[in-house]
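In: Provided below are the primary sequence and the corresponding predicted coordinates.
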Amino acid sequence: MAMKVEVVSTETIKPSSPTPSHLRNFKLCLLDQLAPPLCVPIILFYLAPDNKAVPNSASVTGNLKTSLSKALSLFYPLGGRVKGNAAIDCNDEGALYLEAKAHFELSKVLSNPDINQLLQLLPFSPHRVAPNIEEQVIVGVQVNFFDCGGIGIGICISHKIADGASVSAFLTAWSEIALNGIDREAILITPVLKASELFQPQDVNFQMPREFNSREKLSTKMFRFDSESLARLRARFGSATPTRVEAVTALIWKSALEVARKRPEWNEKYPPSSAATHVVNIRSRMRPQPLPENALGNLWQTTVTPLMDGNMAVELQDFAGILRKSIRAIDGEYLSVLQGERGLAKAYESLMAARKLAESSAGKIELYGFSSWAGFPYYEVDFGLGKPAWVSTTGFPIGNMVFFMGTRCGHGIEAWITLPEHDMIEFERSDELLQFVSPSP
């Protein structure tokens, strides 16, 4: 039986106070200019109260809308519209707000999450580029009321101004206002809006694709690693002591590559080489003064590992070692160049590194992309509904992409993995992987 989600109302939420005229033209920074014209999706799920009383939807919606309006005043670029690839017109046109009825139990989502089902809980597809980005809202919200009294809040925010940390900062501010009002800690939740001063915008002109869908049939599934299995996995590395993200990245990369090398098209004498990309949050790496996590913008860089020879026998430690070395290359010196006269060239170098690897290997390469939101405090986002029972993203419709989310306990990792369908079938049977994957709670 299909799980039906029915949108029952649509409106626009405008900022609670107008943006001053001198702040109307908000410059995108260089890194925003190079960000894909997609949206960052996230869904927060809240259980019904223990007393089984179904929350009053009018009361919940009223509080969410009022607090969203106030949050948009603090994060005033999010209430505007993107203007070309240079700025945001902070015209206070506001955010899209949908209310929907999910005609099934929240437990069905939590026990067996399905990517297509989750996409229904978002206000629009996060992966489709609008024909005219200047007409598209920057923030979209869909509040879903489940039959059981549970609530799912789906949010999409334009990637042209926000990354995972920015989305986390906005949700933290919005929920703080919903719970306690705006006066108590306004300074703590006010975003830092100076990315364009640090990474000055340039004359960047390139065409991005209108669709990001793969030609081959893909499968996206979530694999959970609890704190106990992560401790066992990290122990495998001996004295190397990788972080939990490095350890899980190494395990998934190795397992997926072993599957890919079994494909009929790869000659056993010439198995494919491999490399990985990993998104690195640069806020804490800025020198001389690190940026706070509530600095708004695309404050990340992608690191690319060296090519791993297809004929080499490699162990988990090898995958983790080259990954760690690549991540550490995004240091103060690297970021200093990115902020200087050669900033655009340096940024392009990062964007083109993976493509150059593929060209140098004559196409005989398996490239895997990783991005981690596991360290962001999404599970602290309380709108007065309690803390989330589960927080999810929806993956990305390109093969060999992996997104990491945190878990409710704070110490686990959930990996949303997208692979070609034929690879996923074998990947799920990987003996080494299954030693560490935890059963669903």
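Out: Perfect, I can see it now. Numbers count the residues shown, from 1 in each chain.
In: all contacts plus neighbour counts: C-alpha atoms, from now on.
Out: OK.
In: Can you show me the helices along the stretch 101-250 of the chain?
Out: 106-111, 115-119, 164-180, 186-189, 195-198, 227-235, 244-260 (DSSP state H, counting those that start in this stretch).
In: Which one of these lies nearest to residue 385?
Out: helix 164-180 (9.0 Å; Cα to Cα).
In: how about stretch 314-330: buried residues?
Out: Going by neighbour count (16 or more other Cα atoms under 10 Å), the buried part of stretch 314-330 is 316-317, 319-323, 326-327, 330.
In: ok, now which ones touch residue 126?
Out: Residues near residue 126 by Cα atoms under 8 Å, 6 or more residues apart in numbering: 38-41, 156.
In: Most neighbours among the residues you listed, please name it.
Out: Taking other Cα atoms under 10 Å as the neighbour criterion, residue 41 ranks highest of the contacts of residue 126 with 27 neighbours.
In: so that residue makes contact with residue 403?
Out: No: counting by Cα atoms under 8 Å, residue 41 stays clear of residue 403, with 11.7 Å between them.
In: Read off the pLDDT value for residue 8.
Out: Listed pLDDT for residue 8 reads 96.
In: so what's it closest to, chain neighbours aside?
Out: residue 100 (5.3 Å; Cα to Cα, 6 or more residues apart in numbering).
In: Is the one you found part of a helix or strand, or is it coil?
Out: Secondary structure assignment for residue 100 (DSSP: H, G, I helix; E, B strand; the rest coil): strand.
In: how much space between it and residue 239?
Out: Using Cα to Cα, to the nearest Å, we find residue 100 at a distance of 51 Å from residue 239.
In: ok, the residue nearest to the spatial centre of the chain - contacts?
Out: By Cα atoms, centre = their mean, the mean C-alpha position of the chain lies nearest to residue 164, the distance being 4.9 Å. For residue 164, the contact set (Cα under 8 Å, 6+ apart) comprises 40, 373, 376.
In: Now do the contacts for the second one.
Out: For residue 373, the set of contacting residues under the criterion of Cα under 8 Å, 6+ apart consists of 164-165, 403-406.
In: State the pLDDT value of it.
Out: The model's pLDDT for residue 373 equals 96.
In: mind listing the strands for the stretch 201-350 of the chain?
Out: 218-225, 273-281, 300-304 (DSSP state E, counting those that start in this stretch).
In: Nearest approach to residue 249 belongs to which of these?
Out: strand 273-281 (9.1 Å).
In: who touches that closest one?
Out: For strand 273-281, the external contacting residues (Cα under 8 Å, 6+ apart) are 253, 257, 299-311, 323, 327, 330, 354, 361, 364-372.
In: ok, of those residues, which come out buried?
Out: Buried among those (16+ other Cα under 10 Å): 253, 257, 299-308, 310, 323, 327, 330, 354, 364-372.
In: isn't residue 416 right next to residue 399, touching?
Out: No: judged on Cα under 8 Å, residue 416 makes no contact with residue 399 at a distance of 11.7 Å.
In: circling back to that earlier point, residue 177: which of the strands of the stretch 201-350 of the chain is closest?
Out: strand 273-281 (26.2 Å).
In: roughly how far is that closest one from the heart of the chain?
Out: 15 Å (Cα atoms, centre = their mean, to the nearest Å).
In: Repeat that for stretch 72-89.
Out: Stretch 72-89 sits 20 Å away from the centroid of its parent chain (Cα atoms, centre = their mean).
In: begin at 479 from here
Out: Fine by me, first position is 479 from now on; the one you just mentioned is stretch 550-567.
In: Buried residues of it, list them for me.
Out: Result for stretch 550-567 [16+ other Cα under 10 Å]: buried residues 550-561, 563-567.
In: do stretch 512-525 as well
Out: Neighbour-count burial for stretch 512-525 [16+ other Cα under 10 Å]: 512-513, 515-525.
In: follow-up on the earlier one: looking at the contacts of residue 604, which one is closest to residue 706?
Out: residue 519 (28.6 Å).
In: So which elements touch the host helix or strand of the closest one?
Out: For residue 519, the host element (DSSP states H and E) is strand 517-524. The contact analysis (3 or more Cα pairs under 8 Å, 6 or more residues apart in numbering; DSSP states H and E) places strand 517-524 against strand 629-636, strand 868-870.
In: Of those strands, flag the one that's most buried.
Out: strand 629-636 (a mean of 25; mean count of other Cα atoms under 10 Å).
In: Describe which strands it pairs with in its sheet and in which direction.
Out: Its sheet considered, strand 629-636 pairs with strand 517-524 (antiparallel), strand 617-624 (antiparallel) by DSSP bridges.
In: Hey, what's the angle from it to helix 642-658? Just curious.
Out: Computed by axes from the mean of the first three to the mean of the last three Cα atoms, to 10 degrees, the angle separating strand 629-636 from helix 642-658 equals 140 degrees.
In: Can I get strand 629-636 in CSV? Just the C-alpha atoms.
Out: Extracted as CSV, the C-alpha positions of strand 629-636 are listed here (Å, rounded to 0.1, in the frame of the first residue of the first chain):
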residue,chain,number,x,y,z
ILE,A,629,5.5,15.3,13.0
GLY,A,630,8.1,15.4,10.3
ILE,A,631,9.6,18.8,9.3
GLY,A,632,11.2,18.8,5.9
ILE,A,633,13.4,21.7,4.9
CYS,A,634,15.2,22.6,1.7
ILE,A,635,17.6,25.5,1.7
SER,A,636,19.4,26.8,-1.5
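In: How far off centre is it?
Out: With Cα atoms, centre = their mean, you get 12 Å for strand 629-636.
In: same thing with stretch 888-901?
Out: Centroid separation between stretch 888-901 and its chain, computed with Cα atoms, centre = their mean, is 13 Å.
In: for stretch 624-642, same thing?
Out: 12 Å.
In: just stretch 876-886 next, same as before
Out: 8 Å.
In: one step back: among the buried ones among the contacts of strand 751-759, which are in helices?
Out: 731, 735, 801, 805, 832 (DSSP state H).
In: Let's have these in CSV, adding distance to residue 898 and pLDDT.
Out: What follows is these, written out as CSV (distance: Cα to Cα, whole Å; pLDDT from 0 to 100):
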residue, distance to residue 898, pLDDT
731, 14, 96
735, 12, 93
801, 23, 94
805, 27, 95
832, 19, 75
